[in-house]
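# A predicted structure for the sequence below; I have some questions about it.
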Amino acid sequence: MDRTQKEQLVAFLKEVFDDSGLVVVTQQSGLTVSEVSELRSDARGNGASYKVAKNRLAKIALDGTKFEALKPLFSGPTAVTTSVDPIAAAKVCVEFAKKNEKLTIVGGAMGDTILDADGVKALANLPSLDELRGKLVGLLQAPATKVAGVTQAPAGQLARVFGAYGSQGEAA
């Protein structure tokens with residue numbers, strides 16, 4: 001890799017770090033090409049990206065970003081998973097690490113908050129942004145449904161009472 005390619009990679013990584021809401025640093029030793037391809041595919045499918053980068057270049061790209069405190073995590077065979085959604089990258093890494101012990105979560109950062117491996121795992125257990133939106137819509141619709149049911153209930157009860165009186169009058 002010549003100097004211009006390195007500069008382009010650093011610029012690309014810097015842009016990725018600036019646009020990301022979450023960065024997860026992992027170590028992968030012994031992952032096969034097909035396993036890495038599967039991980040990349042899972043990441044893309046969930047709105048995240050997985051990138052293997054040279055530690056020295058990644059540390060240079062971290063300079064001046066909100067994730068600058070992650071520099072000490074870059075040692076050994078590392079890779080970076082990033083996402084705009086603050087949960088997607090964590091979910092992808094944790095799910096893949098459950099299936100494949102060759103991938104180890106080292107840590108991560110969400111904004112200015114540095115996370116250890118347990119913090120990333122805890123973050124992965126939270127519902128995603130889409131799941132939260134669905135729950136919120138359900139909560140907003142529930143009161144309207146209940147109000148409609150309550151307003152219709154008295155009319156239904158009155159109709160039953162009138163019907164009972166009417167049937168008593170016919171029987172007499």
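Alright, I've got the coordinates. This is a predicted model, so every value here is computed, not measured.

# What segments of the protein are helices?
3-19, 33-45, 55-62, 88-99, 117-124, 129-171 (DSSP state H).

# Put the alpha carbons of the first one into PDB.
Below are the C-alpha coordinates for helix 3-19, written out as PDB (Å, rounded to 0.1, in the frame of the first residue of the first chain):
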ATOM      1  CA  ARG A   3       1.300   6.600   0.600                       C
ATOM      2  CA  THR A   4      -1.600   8.000  -1.400                       C
ATOM      3  CA  GLN A   5      -3.700   4.800  -0.700                       C
ATOM      4  CA  LYS A   6      -2.900   5.100   3.000                       C
ATOM      5  CA  GLU A   7      -4.000   8.800   3.000                       C
ATOM      6  CA  GLN A   8      -7.200   7.800   1.200                       C
ATOM      7  CA  LEU A   9      -7.900   5.100   3.700                       C
ATOM      8  CA  VAL A  10      -7.300   7.400   6.700                       C
ATOM      9  CA  ALA A  11      -9.600  10.000   5.100                       C
ATOM     10  CA  PHE A  12     -12.300   7.400   4.500                       C
ATOM     11  CA  LEU A  13     -12.000   6.100   8.100                       C
ATOM     12  CA  LYS A  14     -12.100   9.600   9.500                       C
ATOM     13  CA  GLU A  15     -15.300  10.300   7.600                       C
ATOM     14  CA  VAL A  16     -16.800   7.000   8.800                       C
ATOM     15  CA  PHE A  17     -16.000   7.800  12.400                       C
ATOM     16  CA  ASP A  18     -17.500  11.300  12.100                       C
ATOM     17  CA  ASP A  19     -20.800   9.900  10.700                       C
END
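
# buried stuff in that helix?
9, 10, 13, 14, 16, 17 (16 or more other C-beta atoms under 10 Å). Glycine gets a C-beta too; all of them are placed from N, C-alpha and C.

# okay, now residue 55: neighbour count?
Residue 55 has 14 neighbours, counted by other C-beta atoms under 10 Å.

# Same check on residue 42?
18.

# Please give me every residue in contact with it.
By C-beta atoms under 8 Å, 6 or more residues apart in numbering, residue 42 lies in contact with 92, 95, 96.
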